[in-house]
Each structure stands twice: as structure tokens, then as C-alpha cells.
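[1] How does the following fold in three dimensions:
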Amino acid sequence: MVFRRYPSLVLRTGLIVLSFGFSAAAQAQSQQPPAIPPSDGSQPDPSKIQGRSSASLPDTQAPAQRLPGLISGTVVDQTGAAFAGAEVKLTGEAPSQNRTVSTAEDGQFSILNIEPGPFQLTTTSPGFADQTFSGTLHPGENFAVPRIALIVAAASTEMRVSPATVDVAQDEIKVEEQQRVFGVIPNFYVSYVTNAAPLTPRQKFQLAWKTSIDPVSFGVNAIVAGVEQAQNDFGGYGQGTKGYAERYGAAYGNFVISTYIGSAILPSILKQDPRYFYKGTGSKRSRILNALAQSVICKGDNGHWQANYSGLIGGLAASGISNVYYAPKDRDGVGFTFENTLIGIGTTAVTNLLQEFVIRKLTQSRPGRQAPKPDDPVSKIPGAPIHAGD
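    Predicted coordinates:
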């Protein structure tokens with residue numbers, strides 16, 4: 001009845017109800033989760049849940065894995081007493097974590113902010129054997145190291161064999177006794193070795209003896225005597241064989257006395273070195289000053305430079321003694337003796353200059369002239385310079 005009277009109303013109402021039903025069904029369907037196809041296993045793939053990938057999931061475990069930890073412990077001695085001042089060195093996988101701490105008065109130590117992972121502790125102290133401990137530190141862990149006991153190290157003897165100073169000096173003398181200018185003229189009183197060993201009194205007399213009996217010394221004094229006779233110097237000796245013999249004896253005697261007094265006796269008493277020490281390095285000016293200075297100074301047996309009392313007094317003494325065997329009319333006065341001493345100083349200065357710049361190049365059998373053999377005394381001398389091709 002109603003449908004007939006109000007057909008349009010019924011139809012409109014039916015459409016509204018039908019439309020409302022479809023809308024509710026669609027809304028209910030959209031609120032249900034989508035179907036997740038199973039993966040290879042029975043569990044669903046988390047990368048497809050809610051349409052989000054696994055890369056967008058928050059990393060909730062990473063901070064815990066990097067959380068630093070702490071290492072602590074106690075160091076004691078053999079009796080169990082706390083050991084203060086021992087060094088504890090930490091070695092880890094990361095070089096930046098390596099560090100060293102010292103134990104406190106109670107023997108305890110702590111190392112903070114240590115990255116997790118394997119580590120090694122090395123405990124050391126002078127006189128004690130090293131102790132090592134290895135372990136693994138977990139994130140955020142307070143690692144307590146078992147008590148570390150230091151044990152006294154076993155006694156050990158270290159022997160250093162080095163030649164005695166007197167042996168080194170003897171080797172140097174053997175080399176110096178082979179030094180000759182042009183391979184002929186003795187050049188014994190020059191040291192080409194840096195920081196040469198000091199000579200003993202016996203070695204100083206040995207060098208003086210070697211110089212006084214060298215054939216060249218005999219020959220040079222023979223020439224001096226011949227020149228003096230040709231010029232009729234020291235006329236009190238006369239001429240002829242007798243006059244020459246006396247001149248030769250006086251010249252050789254003066255040479256031997258001055259050598260022994262100035263290079264052996266006084267240097268032994270005053271503990272001074274009679275040799276000239278070649279510089280060879282530095283500016284030309286410094287080498288010149290070195291050569292001139294060594295005419296009035298010398299190196300003491302203690303290695304320090306000092307006034308050359310041996311050379312100065314030796315020259316005066318030799319001049320005074322020579323008056324004994326010269327003819328009375330040829331004897332020098334005191335003034336002439338001092339004059340000869342000053343002349344001797346000047347002569348020594350010139351000789352030193354030649355030693356520094358000329359004679360070394362002309363001297364054979366000196367250190368560095370040729371590469372020494374393994375059994376050569378030169379190879380045993382510390383500081384002997386080698387100038388190959390010099």
C-alpha cells in the first residue's frame with residue numbers, strides 16, 4: 001500500500017540503504033591488513049610488513065655494542081704486598097687504545113673508556129720479570145684483572161769487552177811509528193786519530209827512543225854537522241875529522257836531549273801529550289789557529305788543553321845543557337838561550353802549519369791512507385778517520 005502510494009519514496013530509501021551497505025563493507029575491507037604471501041620458511045618476510053623495508057627499522061643494538069668498558073686490577077710483589085709505581089701497558093686492537101698507567105700506593109690501577117674487544121696487559125718494573133695478561137672486554141663491562149704478582153728477575157751478567165786504554169794507545173803508536181813523509185822522513189809525533197788515547201810514561205819514552213835511533217835522525221844530524229863545519233860554526237871544535245866528529249856529537253846530543261826532555265821526561269812528569277793533533281776539519285781559519293796554538297799549548301793526559309810546559313821548559317833545558325859540551329868560547333849566554341827558545345816556538349808553529357795543510361798529504365802509512373786490513377792495528381783504533389783516495 002505504501003509502495004503504491006509512495007513508490008518514489010520507497011525506491012529512494014532502498015538506494016540509500018544499499019549505498020550505505022557498500023560503503024561500510026569497503027571501509028571494513030580497507031582496515032584489514034593485506035595478505036602476506038609466505039616466504040621460503042613459515043615466517044613472513046619482515047621487509048614487507050606495513051609496506052616498510054628493513055633498512056628503515058631503528059638500530060636499537062648498535063649503541064650497546066660500542067659502549068666502552070673499564071679494566072682494573074691490583075699489582076703485588078712476591079710477598080703479596082701492594083706494589084706501587086709499576087707500569088701497566090694496555091695493548092688493544094686499535095692503536096689509539098694503547099696506553100700506559102702506573103699503579104697507586106695500594107697497587108691498584110684503572111684504565112677507563114676502553115673499546116670492547118681483545119686486549120693484553122703488560123706489567124713491568126725495573127729488576128722484576130715482565131708479567132702479561134690477555135683477555136676480552138665486552139661492551140660496558142667492568143673487567144677485573146686477577147691479581148698480578150711481580151717476580152724478581154733472574155740475575156744476569158752483561159759483559160762488555162773493550163780494549164784497555166793502554167792497548168788502544170799502543171796500537172796508535174804502532175801506526176805513528178810507520179808514518180813517514182815521502183815514505184822516508186819520520187813523522188812520528190803527529191796523531192791523525194780523533195780523541196786519541198793518552199800515552200803512558202813508558203809509551204812516551206818508547207816514542208822518543210824510536211825517534212832518536214831512526215836512521216834518518218842520524219843522517220839529518222850528520223848533514224847539520226857538515227854544514228856547521230863548512231861554515232866553521234863553533235870554531236872551538238876546529239876542522240878535520242876530529243872537528244866534524246865533535247860537531248856531529250854536539251848536534252846529535254842536542255837532538256836526543258831535547259827529544260827526551262821535551263817529549264818523554266817532562267810530559268811524563270806533567271802528564272802532557274807531546275804529539276801534534278791534526279784537526280783536518282772546519283774552516284781554514286780555524287785550522288790555522290789550531291796549528292799556531294799547538295806551538296804553545298798541548299793536550300793533557302786528561303784530554304784537556306793546557307799550556308805546553310813540557311815543550312817550553314824542555315827547550316830551555318836542552319839549550320842550557322848544550323853549553324856543557326860546546327867549546328867555552330862558543331857557549332851561549334842566558335839571553336841567547338831564551339832567544340833560541342823563542343825561535344824554537346816559531347819553528348814549531350811553522351811546522352804545525354805544514355802538518356795541517358801539506359805534510360799529511362805526503363805522509364805514507366798513516367790512518368786512512370789506504371783501507372786497513374782486518375788485522376791492521378788501524379782497524380782497532382776508535383775514531384781513526386778513513387779518507388779513501390786521499
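
[2] Mind listing the residues bridging to Gln306?
    Applying DSSP bridges to Gln306 gives these bridge partners: Cys298.

[3] and it, what is it in contact with?
    Counting by CB atoms under 8 Å, 6 or more residues apart in numbering, Gln306 touches Gln272, Ile297, Cys298, Lys299, Gly300. For every residue, glycine as well, the C-beta is placed using N, CA and C.

[4] any idea how far Asn113 is from it?
    Noted for Gln306: a distance of 62 Å to Asn113, by CB to CB, to the nearest Å.

[5] What of Leu353?
    Separation of Leu353 from Asn113 (CB to CB): 70 Å.

[6] between the two, which one's more packed in?
    Leu353 (17 against 9; other CB atoms under 10 Å).

[7] Would you confirm that the more buried one belongs to a helix?
    Yes - counting by DSSP: H, G, I helix; E, B strand; the rest coil, Leu353 is found in a helix.

[8] Give me the pLDDT value at Phe83.
    In this prediction, Phe83 carries a pLDDT score of 95.

[9] should've said Gly14
    Looking at Gly14, its pLDDT is 45.

[10] One more: Asp77?
    pLDDT, read off for Asp77, is 92.

[11] Run through the residues that contact it.
    So Asp77 contacts Phe83, Ala149, Leu150 (CB under 8 Å, 6+ apart).

[12] Could you measure from it over to Tyr278?
    Distance from Asp77 to Tyr278, by CB to CB: 57 Å.

[13] what about the closest residue to Gly314 other than its chain neighbours, how many residues close to it?
    Nearest non-adjacent residue to Gly314, counting by CB to CB, 6 or more residues apart in numbering: Gly262, 2.6 Å away. Other residues near Gly262 number 23, with proximity taken as other CB under 10 Å.

[14] do the same with Glu172
    By the measure other CB under 10 Å, the count of residues near Glu172 is 26.

[15] Counting neighbours, which bits of the helix or strand hosting it end up buried?
    Using DSSP states H and E, Glu172 falls within helix 165-176. For helix 165-176, the neighbour count (16 or more other CB atoms under 10 Å) marks Val168, Ala169, Gln170, Asp171, Glu172, Ile173, Val175, Glu176 as buried.

[16] For Gln364, list each beta-bridge partner.
    Here Gln364 shows beta-bridge partners Arg180, assigned using DSSP bridges.

[17] residues in contact with it?
    Gln179, Arg180, Val181, Phe182, Gly183.

[18] So it versus Lys284, what's the distance?
    25 Å.

[19] now swap in Cys298 and tell me
    Distance, Cys298 to Lys284, by CB to CB: 23 Å.

[20] So for these two, which residue has more residues nearby?
    More crowded of Cys298 and Lys284, by other CB under 10 Å: Cys298, with 23 against 9.

[21] My guess is the more buried one contacts Gly311. True?
    Yes - with contact defined as CB atoms under 8 Å, Cys298 reaches Gly311; the gap is 6.8 Å.

[22] so what's Gly300 up against?
    Residues near Gly300 by CB under 8 Å, 6+ apart: Lys271, Gln272, Asp273, Gln306.

[23] closest to Tyr189 among these?
    Asp273 (9.7 Å; CB to CB).
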